[in-house]
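**Q** Sequence plus predicted model, see below.
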Amino acid sequence: MEEEKITKKDLLARYGISYGALYRWKRMKLIPEAWFEHRAAPTGQETVFPRALICARIEEILGGKDEASLDEMARRFGAAEADDARLVVRTRYGESSFPASDLLAVSVRCGGAEEDLLHIIKEITEKRNGHE
């Protein structure tokens, strides 16, 4: 099952934020780079985001601006994301990293068979977090 996405255009309209604000928050690390996904569109390319993650983050940023500065929020989000377990995949083409809490399925296909690996990742992260 594919995660539901929201386009940049729809996100900006929904929350009444500007393109500049969105990319400033990205530069400040309030919004992780990995959430900015690019896909082909009839007009060229569009940016989409994981709907649940980006909407929750935008609401947290907008709702927290009165209590904390953007820099304070960036430090808090950065610290939380640094503590998160991550699946890191390195190939000769580069590296990709995904928060373990965002994983829906991880498997290996070989010779027509598919082996689920997500349960192994969950066991490791639970052990490291003291949830044995």
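**A** Arrived safely. Numbering: from 1, shown residues only.
**Q** what about the strands in this protein?
**A** Secondary structure of the chain (DSSP state E): strands at 5-7, 37-41, 44-50, 86-91, 94-99, 107-110, 113-116.
**Q** Those: lowest mean pLDDT?
**A** Note on the strands of the chain: strand 94-99 shows the lowest mean pLDDT, a mean of 76.
**Q** Show me what that one pairs with in its sheet, parallel or antiparallel.
**A** strand 86-91 (antiparallel) (DSSP bridges).
**Q** in the strand it pairs with, what's buried?
**A** Within strand 86-91, the residues scored as buried using 16 or more other C-beta atoms under 10 Å are 86-87. For the C-beta atoms, the positions are set from N, CA and C on the backbone; glycine is no exception.
**Q** Alpha carbons of it, as CSV, please.
**A** Only the C-alpha atoms of strand 86-91 are listed here, as CSV (Å, rounded to 0.1, in the frame of the first residue of the first chain):
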residue,chain,number,x,y,z
ARG,A,86,17.1,4.7,10.6
LEU,A,87,17.3,2.2,7.8
VAL,A,88,20.4,3.1,5.7
VAL,A,89,20.8,1.7,2.2
ARG,A,90,24.2,2.2,0.5
THR,A,91,24.8,1.2,-3.1
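**Q** what are the ranges of the helices in the chain?
**A** 8-15, 19-27, 51-64, 70-83, 118-128 (DSSP state H).
**Q** Contacts only, for the closest residue to Thr125 other than its chain neighbours.
**A** Distances taken as C-beta to C-beta, 6 or more residues apart in numbering put Ala85 closest to Thr125, at 4.1 Å, once the chain neighbours are dropped. Ala85 makes contact with 99-101, 121, 124-125, 128-129, according to C-beta atoms under 8 Å, 6 or more residues apart in numbering.
**Q** Against Phe77, how distant is Ala85?
**A** Separation of Ala85 from Phe77 (C-beta to C-beta, to the nearest Å): 16 Å.
**Q** Also Ala52?
**A** Distance of Ala52 to Phe77, computed by C-beta to C-beta: 16 Å.
**Q** If you count surrounding residues, which of the two has more?
**A** Using other C-beta atoms under 10 Å, the more surrounded residue of Ala52 and Phe77 is Phe77, with 19 against 12.
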